[in-house]
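Colleague: everything below, folded, please.
(one chain, ligands or ions: 1)
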Amino acid sequence: MQIERRDFLSTLTLAGAAALFSGNPLLAATAQKKEKLGIALVGLGYYSTDLLAPALQMTEKCYLAGIVTGTPAKAETWKAKYKIPDKNIYNYQNFDQIANNPDIDIVYVVLPPSMHREYVVRAAKAGKHVFCEKPMAPSVADCEAMIKACSSSKVKLAIGYRCQHDPNIQAIMKLAKEPKFGKVKMVTSAAGYFDARTDHWKQNKALGGGVMGDMGVYALQGARLATGEEPISVFAQASTTRPEIYKEVEETMMFMLDFPSGAKASCQTSFGINMNHLQVNYEKGWAKLEPQSGYNGNKGSMSDGTLIQFPIKNQQAKQMDEDCDAILRSTDLIAPGEEGLRDIRVVEAIYKSAAAGKVIKI
Ligand code: NAD
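Modeller: Predicted coordinates:
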């Protein structure tokens, strides 16, 4: 008997969806009729409001399905602006009921870093895939608990490392895997901006503030991605020029990394200085990006005259679409929880080094 192509394809889609969501009855109930995954944003501050929600109007594999907020007035504004039904609006108290909502496939945690662990774990327990903003969490122990919760619930955990989805950074990453100018000798990596705010969680230790987790992960990623290696030791120095604002956390961090191949990195990050560049010196040439971690327009060049200039429509939309594609196809994420953990392991060593004033092995 001949099977019609249309029937075959539809059977394939259903079988694929069933396989994808097997072990997760909450998602299994909804997956088969979906072409786009529903995302609920948790925390409607700057990044959700100005970048993620607008990007979710451009995505092809996901859409803004719900919100989680502690501020009723924000719920009203978002509901009207993005036509979000009441049943998809949660607060921090009733958030766990999201488990019963088939519209929501992914919870995207966009809260201060100290809250990431709690909301990632709660989302995983609710049977939802999770996207979590950087820095993954303040400690290695937090990151490990988050990874464990997601793997126990058989859901995926992606870190919001938008730059790893950017073809300009990917061009630098490629030079580590396919050397064009020989081995990496030295990386110089900087990421910072002048933050004029005086009373924000970025200045509050208990909420996971401090520049190292915030802009510092971009400076660190510049070095890790350009070498394609994990650092083995670090020497760091923390400082501030505004002690009246940065009472609990550092305004600036400078850190030097040693890599197993012998490559070295000199990295800087600051809430007091506008800087954003990456220079990689190889045995026989160089590559640089400036800016290296902007939302738009990262660009650079190589010593042989090659331009690194890949314009993209929207970085966050690309990130979310690629992460959703990995969920839909059951393939590997570009930046899973383990990648966030790799950074936080180094960040912990950086703080140890700055406090002790000596080199710390990682
Ligand atoms: P923000 O201060 O603008 O927003 C934080 C949100 O958390 C607000 O909606 C606030 O109401 C809510 N919140 C709940 N409990 C809170 C508490 N106890 N204290 C403070 N806020 C509380 O911050 P943001 O800039 O949107 O950053 C949120 C997350 O997104 C952080 O992890 C940050 O590092 C990340 N982020 C990532 C990028 C990126 O390019 N990937 C850019 C900006 C921010």
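
Colleague: how about the residues of this structure near the ligand?
Modeller: Within reach of the ligand by Cβ under 6 Å from any ligand atom, the chain has these residues: 43-47, 70, 110-113, 133-134, 160, 162, 201, 207, 214. The way it works is simple: take the backbone N, C-alpha and C, and place the C-beta from them, glycine included.

Colleague: residue contacts, the most centrally placed residue in the chain?
Modeller: Geometric centre of the chain, nearest residue: Gly160, 2.0 Å, by Cα atoms, centre = their mean. If a contact means Cβ atoms under 8 Å, 6 or more residues apart in numbering, then Gly160 has 108, 110, 131-134, 319, 335 as its contacts.

Colleague: the residues of the chain next to the ligand, buried ones only, as a ChimeraX selection?
Modeller: In ChimeraX syntax, the buried subset of those is picked out as below (16 or more other Cβ atoms under 10 Å):
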select :43,44,45,47,110,111,112,113,133,134,160,162,201,207,214
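
Colleague: how about Val107, secondary structure?
Modeller: What DSSP: H, G, I helix; E, B strand; the rest coil gives for Val107 is strand.

Colleague: so who does the residue nearest to it when sequence neighbours are not counted touch?
Modeller: Closest residue in space to Val107, ignoring its immediate chain neighbours: Ala123 at 3.7 Å, by Cβ to Cβ, 6 or more residues apart in numbering. Ala123 makes contacts with 42, 98, 107, 109, 130, 155, as judged by Cβ under 8 Å, 6+ apart.

Colleague: Ala123 is in what secondary structure piece?
Modeller: helix 116-125 (DSSP states H and E).

Colleague: any idea how far that helix is from the middle of the chain?
Modeller: Centre-to-centre, helix 116-125 and its host chain are 16 Å apart (Cα atoms, centre = their mean, to the nearest Å).

Colleague: can I get it in PDB, CA atoms only?
Modeller: What follows is helix 116-125 as a C-alpha-only set of coordinates in PDB (Å, rounded to 0.1, in the frame of the first residue of the first chain):
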ATOM      1  CA  HIS A 116      18.100  33.100  38.700                       C
ATOM      2  CA  ARG A 117      18.500  29.900  40.600                       C
ATOM      3  CA  GLU A 118      15.100  30.000  42.300                       C
ATOM      4  CA  TYR A 119      13.200  30.800  39.100                       C
ATOM      5  CA  VAL A 120      15.100  28.400  36.900                       C
ATOM      6  CA  VAL A 121      14.500  25.600  39.400                       C
ATOM      7  CA  ARG A 122      10.800  26.500  39.800                       C
ATOM      8  CA  ALA A 123      10.400  26.600  36.000                       C
ATOM      9  CA  ALA A 124      12.100  23.200  35.500                       C
ATOM     10  CA  LYS A 125       9.800  21.700  38.200                       C
END
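
Colleague: buried ones in that helix?
Modeller: In helix 116-125, counting by 16+ other Cβ under 10 Å, buried: 116-124.

Colleague: what is the burial count for Gln170?
Modeller: Residues within reach of Gln170, counting by other Cβ atoms under 10 Å, total 15.

Colleague: re earlier: next secondary structure after the helix holding Ala123?
Modeller: strand 129-132.

Colleague: quick check: the spatially closest residue to Met58 that is not a sequence neighbour vs Gly127, distance?
Modeller: Leaving out its chain neighbours, the residue that sits closest to Met58 by Cβ to Cβ, 6+ apart is Ala317, at 4.3 Å. In this view, Ala317 and Gly127 are 25 Å apart by Cβ to Cβ, to the nearest Å.

Colleague: ok, now Lys134?
Modeller: In terms of Cβ to Cβ, Lys134 sits 24 Å off from Gly127.

Colleague: can you find the helix or strand in the protein with the smallest mean pLDDT?
Modeller: The least trusted helix or strand in the chain, going by mean pLDDT, DSSP states H and E, turns out to be helix 5-21, with a mean of 38.

Colleague: shouldn't Lys79 be in contact with Ile89?
Modeller: Yes. Using Cβ atoms under 8 Å, Lys79 makes contact with Ile89 at a distance of 6.3 Å.
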